[in-house]
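Participant: Pasting the sequence and the predicted coordinates here, then a few questions.
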Amino acid sequence: MRIIGLTGGIASGKSTVSNLFKSHGVPVVDADVVARDVLKKGTGGWKKVVAAFGEDILLADGEVNRPRLGQIVFSDPEKRQLLNRILASYISSGIFWEIVKLWKKGFKVIVLDIPLLFEAKMEKWTKPIIVVWVDPETQLRRLMARDRTSEEDAGKRINAQMSLDLKRTKADLVIDNTGSLEDLNEQFRKVVLFEVTKPLRWTEFGLTSVLVSKL
């Protein structure tokens, strides 16, 4: 099995690349979707987060007010680290079982779309690692336009993550998304799709054995 690590930063275009994989029949496990699931009302993750941050983060129906929680953690590094510690095991477990479901369906190549790939130390399970990169000015401008937020708020959210310049040094493949959508599509077709659809190496068959041993 080949598990591709796809990461980037906020407003870098990672989700666009994720959708390109899907459009070419490559399944994607989205860590953000898993994270939303582990925070649903009544789950273990929900209970621990409410206990740590208080009921002020809840909506009237009891679900977590994600924008409110986001404001709290993006403005306070300690609280952000606390949230990550609380949810880390729930998210990693959720990702594992999503991968298992796809493997049981016969997929041999799976994309793991995870913003905190390096921070969560999950890169060791993925190969190749793909980083979607943009320069800081483009990232800031796109985030402000997308979320209609101030430069200060956008800067806080960007600075809360590992820099894209650092991430690109850890990548096997870098997608430069500072250009147009057509440029992005061309990079994807000529480089990324070619690399990830190569025949599996013997070490990747070994990854399947590791997966089976954990079931």
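Facilitator: Structure received. Numbering: from 1, shown residues only.
Participant: residue closest to the middle of the protein?
Facilitator: Ile114 (1.8 Å; CA atoms, centre = their mean).
Participant: ok, it to Gly8 distance?
Facilitator: Counting by CB to CB, to the nearest Å, the separation of Ile114 from Gly8 is 10 Å. Every residue, glycine included, has its C-beta placed from N, CA and C.
Participant: for Ala154, same thing?
Facilitator: Taking CB to CB, one finds Ala154 at 16 Å from Gly8.
Participant: which one of the two has more residues nearby?
Facilitator: Gly8 (30 against 22; other CB atoms under 10 Å).
Participant: quick one, what contacts that one?
Facilitator: Neighbouring residues of Gly8 by CB atoms under 8 Å, 6 or more residues apart in numbering: Lys14, Val17, Pro115, Val131, Val132, Trp133, Leu164, Lys167, Asn177.
Participant: what about the last one, neighbour count?
Facilitator: To tie it back to what came earlier, the one meant is Asn177. 25.
Participant: correct me, but it touches Ile130?
Facilitator: No - with contact defined as CB atoms under 8 Å, Asn177 does not reach Ile130; the gap is 11.4 Å.
Participant: Common neighbours of the two, please.
Facilitator: Val17.
Participant: Please, which helix or strand holds Val174?
Facilitator: strand 173-176 (DSSP states H and E).
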